[in-house]
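Peer 1: quick one: sequence and predicted model below, then my questions.
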Amino acid sequence: MKRVSILGSTGSIGTQALNVIENSGTLCVSALAANSNVKLIEEQIRRLKPQKAALFSEDKAKELKIAVADTDTKVLSGEEGVCEVAEEGDITLTALSGSIGIKPTIRAIRAGCDIALANKETMVCAGDIINREAAEHNIKILPVDSEHGAIFQCIRDEGKSVRKILLTASGGPFFGKTAAEIENATVEDALNHPNWSMGSKITIDSATLINKGLEVIEAVRLFGVKPSQIQVLIHRQSIVHSMVEFTDNSVLAQLGTTDMRIPIAYALNYPERLENPASALDFLSIPPLTFAKPDTETFRGLALAFDAIGEGGTMPAVFNGANEASVSEFLSGKCTFGDIARLVEYAMSKYKTVKNPSLETIIESDLAARRCVLERGKTV
Ligand code: NDP
Ligand code: MG
């Protein structure tokens, strides 16, 4: 049995991963981590009997320790607890949300665990460092994001012959709208994704198209291509999960239903393909497949992502940190939907890129960008 440690076990990806693992016959859970959801992680501990479990919140970890005192699971807390959980598997699924995933991912790599990477923000902020650490420790980074899972399957060992990555995007709930129409969009409207059911942060990112921007940067880091080799295509049906054009003009695509258990299972079982609880695609009942150019004037955040990766150094971390802060401001009613991309642009304009940054510099840039958004320009 391959031992899987899950960071973010109570979230959208985490719970779907547990469903995959419990149906696999080849995978088992070694450790679990979440932020504060005591009730759900307690249920998971009783069901899956991991060696370790951690909650980032110290108070909630104390509650959990009491709640599962009758089990053999060791309860840990705080950032260090989450890092210890990260080190516990043959493979670590990074399914927590945000740049908080950087340190545990590095700890997992250094402990010799392969990485099933859902937590794209880590790759966006610190991709160069993650790639270096993975090469040094002979670790595989297996993408879970559906588009990157698709690209990974299309490229296989033909990286040298890739001309272009065709990164598909659903377009989110506001496809076809003008900037004026979405300026004051409500949280409820922005959370109403047409095709995927996901955590709230990534769902807002999908509505701004900043998710696609993060994925452009993630693809540059994972596949070693230039930003100019990536073309974003709006594909409303989310059936083609992405494509790769090769130097001979052949295009390979990966298709499937909109069920994250398919890319999760592929990453966890790689290089094997196993039976999956998700349903198969029925070509006689799917709608026509369409492809269109994204509107980067209305969805400015996507253009900003290309600027951030073009600039390189710490700028992707600034882009990401400013976005994380703006999304939580929007979710708590402190800024408009239209403000999200404006605040990201503002933070990027205030911050000077540092080239070849250390991990500490990346983390400082992330914090500076968040401060810049929260203080709305008083200081950087
Ligand atoms: P959710 O918000 O549903 O879940 C986040 C998980 O992370 C929860 O288990 C949460 O715990 C945990 N968590 C948050 N902060 C911490 C912390 N400091 N320490 C430990 N655990 C923490 O997010 P998703 O599952 O939607 O997304 C997770 C990641 O996967 C993101 O990076 C996202 O971009 C990426 N992704 C998601 C997809 C999807 O379909 N959902 C598709 C592709 C990528 P708690 O419940 O206690 O708060
Ligand atoms: Mg995706």
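Peer 2: Happy to help now that I have it. Ligands and ions are numbered 1, 2, ... in the order given.
Peer 1: residues of the protein that sit close to ligand 1?
Peer 2: 7-14, 33-37, 56, 82, 95-97, 100, 118-121, 145, 196, 198-199, 201-202, 260 (CB under 6 Å from any ligand atom). Glycine gets a C-beta too; all of them are placed from N, C-alpha and C.
Peer 1: show me where the stretch 1-150 of the chain dips below the pLDDT cut-off.
Peer 2: Scanning the stretch 1-150 of the chain for pLDDT under 70 picks out no residues.
Peer 1: helices along that one, start to end?
Peer 2: 12-22, 38-48, 58-67, 78-86, 102-110, 120-136, 146-155 (DSSP state H, counting those that start in this stretch).
Peer 1: report the distance from the second one to the chain centre.
Peer 2: On the basis of CA atoms, centre = their mean, to the nearest Å, the separation between the geometric centre of helix 38-48 and that of its chain is 24 Å.
Peer 1: what's the answer for the last one, then?
Peer 2: When distances are taken as CA atoms, centre = their mean, helix 146-155 is centred 14 Å away from the chain's centroid.
Peer 1: winner for burial among the helices of the stretch 1-150 of the chain?
Peer 2: helix 146-155 (a mean of 25; mean count of other CB atoms under 10 Å).
Peer 1: could I get the phi/psi values of the residue in the chain positioned nearest to ligand 2?
Peer 2: Ligand 2 sits closest to Asp145 of the chain, with a gap of 4.2 Å, by CB to the ion. Dihedral angles of Asp145 (phi, psi; degrees, to the nearest 10) stand at phi -50, psi 130.
Peer 1: for the residue lying closest to it once chain neighbours are set aside, what are its contacts?
Peer 2: Among residues not flanking Asp145 along the chain, Lys120 sits closest, at 5.8 Å (CB to CB, 6 or more residues apart in numbering). Contact analysis of Lys120 by CB atoms under 8 Å, 6 or more residues apart in numbering lists 145, 214-215, 218.
Peer 1: between these, which is nearest ligand 1?
Peer 2: For those, the minimum distance to ligand 1 (CB to the nearest ligand atom) is 4.4 Å, reached by Asp145.
Peer 1: which residues are in contact with the residue of the chain found nearest ligand 1?
Peer 2: Proximity of the chain to ligand 1 (CB to the nearest ligand atom) peaks at Gly11, 2.0 Å away. Going by CB under 8 Å, 6+ apart, Gly11 touches 34, 95-97, 199.
Peer 1: which among the residues you listed end up buried?
Peer 2: 34, 95-97, 199 (16 or more other CB atoms under 10 Å).
Peer 1: Ile41 and Cys372, how far apart?
Peer 2: 34 Å (CB to CB, to the nearest Å).
Peer 1: ah, wrong one, I meant Pro50
Peer 2: From Pro50 to Cys372 the distance is 39 Å (CB to CB).
Peer 1: equivalent analysis for Arg3, please.
Peer 2: 41 Å.
Peer 1: how confident is the prediction for Asn195, by pLDDT?
Peer 2: Predicted confidence (pLDDT) for Asn195: 86.
Peer 1: that one and Gly171 touch, don't they?
Peer 2: No: checked against CB atoms under 8 Å, the pair Asn195 and Gly171 is beyond contact range at 9.4 Å.
Peer 1: give me the more crowded residue out of the two.
Peer 2: For Asn195 and Gly171, the more surrounded residue by other CB atoms under 10 Å is Gly171, and the numbers stand at 24 against 15.
Peer 1: could you look up the SS state of the more buried one?
Peer 2: Look at Gly171: counting by DSSP: H, G, I helix; E, B strand; the rest coil, its state is coil.
Peer 1: next one: Arg376
Peer 2: Look at Arg376: counting by three-state DSSP, its state is coil.
Peer 1: outside of stretch 50-69 itself, list whatever touches it.
Peer 2: 5, 29-38, 41-42, 44-46, 72-79, 81-82, 84-85, 88, 100.
Peer 1: which stretches in the protein count as strands?
Peer 2: With strands called from DSSP state E, the chain shows them at 2-7, 27-34, 52-55, 74-77, 91-94, 114-117, 141-143, 162-169, 230-234, 240-246, 251-255.
Peer 1: residues making contact with the shortest one?
Peer 2: This points to strand 141-143. With CB under 8 Å, 6+ apart as the criterion, strand 141-143 contacts 91, 114-117, 130-131, 134, 149, 151-152, 218, 222, 263, 266-268, 270.
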